[in-house]
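Student: Let me see the structure of the following:
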Amino acid sequence: MQSCGRIRNPVVDAMAAEAEDSRLRRLLDALPGGVVVLNGDGCVSDINTTGRAWFGELTEQLWYSVVARLFEPTADASGDVVLKNGRQLAVTTCPMAGQAGQILLFQDVTTSRMQQQQLSRASRLQAMGETAAHLAHQIRTPLATALLYLSHLDSGTEHARLITEKIRGRLRHLESLIEDMLIFARGGSQVTEKLNVSELLQATVVNQQSLYKKQQIVLQLQPIDEALVIRGNRDALAGVIDNLLVNALQILTESGTPAAQVVVSARCDLQEVCIHVHDNGPGVADDECSRIFEPFYTTRSQGTGLGLAVVQLVMQAHHGLVKLVPVATGACFELRLPLLPESVASTTAAVVDVEDKVMAVENEVLVMGNEES
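Tutor: Below you'll find the model as predicted:
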């Protein structure tokens, strides 16, 4: 008797299996991460599109050899694995159902882990800033008293005068460090006023000249347009220049650079004033360039790591920026601050006036040439 059951068609079954395989493939490729399937022998039997983008084509390769070739030898402190190209991955494993093997799911957590580290670092810095502000306020009063008493000392002999000057210098340095701590804790915010850039730079350079002369290092201020005017806090911006000049002086002194010099210049660049502090010292190492503005980062045993961090904070509070610009020799710090509208107009008018004078001279030369001919 003939069976009434459904007769299986091998062709139809094959097409159904192929369709199911295609559906699973699309699902794997749609996952927002890398999927690697290992068989019972520890070889890669399948990998999705994202996995191929991260690891390359791994099919039939032994997984332990892949790990040795592509991954860092130790896992991250969070338990993540790290590729040798720096990509940080969270990994989840689960066994294959009904057969030997494993499925590995990788998720790229590079950006999220970096953001977590930045938030954690910001929290620590905030706590450090509050502590620094508290300590600075505690030290400030006795320091001011010590400076007052020192000013009333009778210098007497030349030796006593030199000792007094050294004590005063150390106390002034301590006072400067306290100011840096307070500015860092406040985030660089200050009361502002109109400032003439030329006058600000001249006063700051004059204050540093004696220190430079003692070390036989040249400090030069190039001529600056008197029309350049900005809005800012005089003490804070003078402190920015002071920090850069003191930093340059220390580096030039420690490195023993022959014919050492620092040049300060300023010019109008569209609606900004661009100030350069350029020394001819050893420069900044490539691996330090990205970290020099980090709070408390320093390469000097006597440094606090606050100087350049304070410079950056003050510039940001003034809607400006500071950066290290590439130069042939030494190091050059560039400060950019917005000019007041009247300063921009005055500078533009001066440029137009110069252009008019040049054009007038050219026309006069042309007229004289025509008359001679």
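Student: Could you use CA atoms for every contact and neighbour count after this?
Tutor: Noted.
Student: Leu340 and Thr92, how far apart?
Tutor: 57 Å (Cα to Cα, to the nearest Å).
Student: and the chain, what are its domains?
Tutor: Domain ranges of the chain: 10-108, 123-186, 190-367, per automatic domain parsing.
Student: Compare the ones you listed and say which comes out lowest on pLDDT.
Tutor: Lowest mean pLDDT of the domains of the chain: domain 123-186, a mean of 67.
Student: Now do the helices in the stretch 151-300 of the chain.
Tutor: Applying DSSP state H, counting those that start in this stretch to the stretch 151-300 of the chain gives helices spanning 158-186, 197-214, 234-255.
Student: Can you tell me which of the ones you listed is most buried?
Tutor: Among these, helix 234-255 has the highest mean neighbour count (mean count of other Cα atoms under 10 Å), at a mean of 18.
Student: Look at Leu340 and Thr92 and report which has more neighbours.
Tutor: More crowded of Leu340 and Thr92, by other Cα atoms under 10 Å: Leu340, with 17 against 12.
Student: Grab the nearest non-local neighbour of that one.
Tutor: Ile230 (5.3 Å; Cα to Cα, 6 or more residues apart in numbering).
Student: Enumerate every residue touching that neighbour.
Tutor: If you count contacts by Cα atoms under 8 Å, 6 or more residues apart in numbering, Ile230 has them with 194-197, 337-340, 343.
Student: how about the helices of the stretch 151-300 of the chain in JSON lines, adding distance to Ser265?
Tutor: Output for the helices of the stretch 151-300 of the chain, formatted as JSON lines (distance: least, Cα to Cα, whole Å):
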{"stretch": "helix 158-186", "distance to Ser265": "24"}
{"stretch": "helix 197-214", "distance to Ser265": "9"}
{"stretch": "helix 234-255", "distance to Ser265": "11"}
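Student: can you pull out the strands in the stretch 201-350 of the chain?
Tutor: 218-221, 229-232, 261-269, 272-279, 321-325, 331-338 (DSSP state E, counting those that start in this stretch).
Student: And the first one, what's buried?
Tutor: The neighbour-count criterion (16 or more other Cα atoms under 10 Å) identifies 219-221 as the buried residues of strand 218-221.
Student: Give me the contact list for that strand.
Tutor: 201-202, 205, 209, 212, 259-265.
Student: Can you give the strand pairings for that strand, parallel or anti for each?
Tutor: Partner strands and pairing direction for strand 218-221 (DSSP bridges) are strand 261-269 (parallel).
Student: How about residues contacting the strand it pairs with?
Tutor: The contact list for strand 261-269 (Cα under 8 Å, 6+ apart) reads 217-225, 228, 245, 248, 273-280, 347.
Student: State the phi and psi torsions of Asp114.
Tutor: Let me fix one detail, which is that residue 114 is Met and not Asp. Torsion angles at Met114 (phi, psi; degrees, to the nearest 10) stand at phi -60, psi -40.
Student: residues near it, how many?
Tutor: 12.
Student: For it, give me the pLDDT.
Tutor: pLDDT, Met114: 83.
Student: Tell me the buried residues within the contacts of strand 261-269.
Tutor: Buried residues within the contacts of strand 261-269, counting neighbours by 16+ other Cα under 10 Å: 217, 219-221, 224, 228, 245, 248, 273-280, 347.
Student: can you pull out the strands in the stretch 1-150 of the chain?
Tutor: Going by DSSP E, counting those that start in this stretch, the stretch 1-150 of the chain shows strands at 34-39, 44-47, 81-82, 88-95, 101-108.
Student: Quick one: list the elements packing against the second one.
Tutor: The one in question is strand 44-47. strand 34-39 (3 or more Cα pairs under 8 Å, 6 or more residues apart in numbering; DSSP states H and E).
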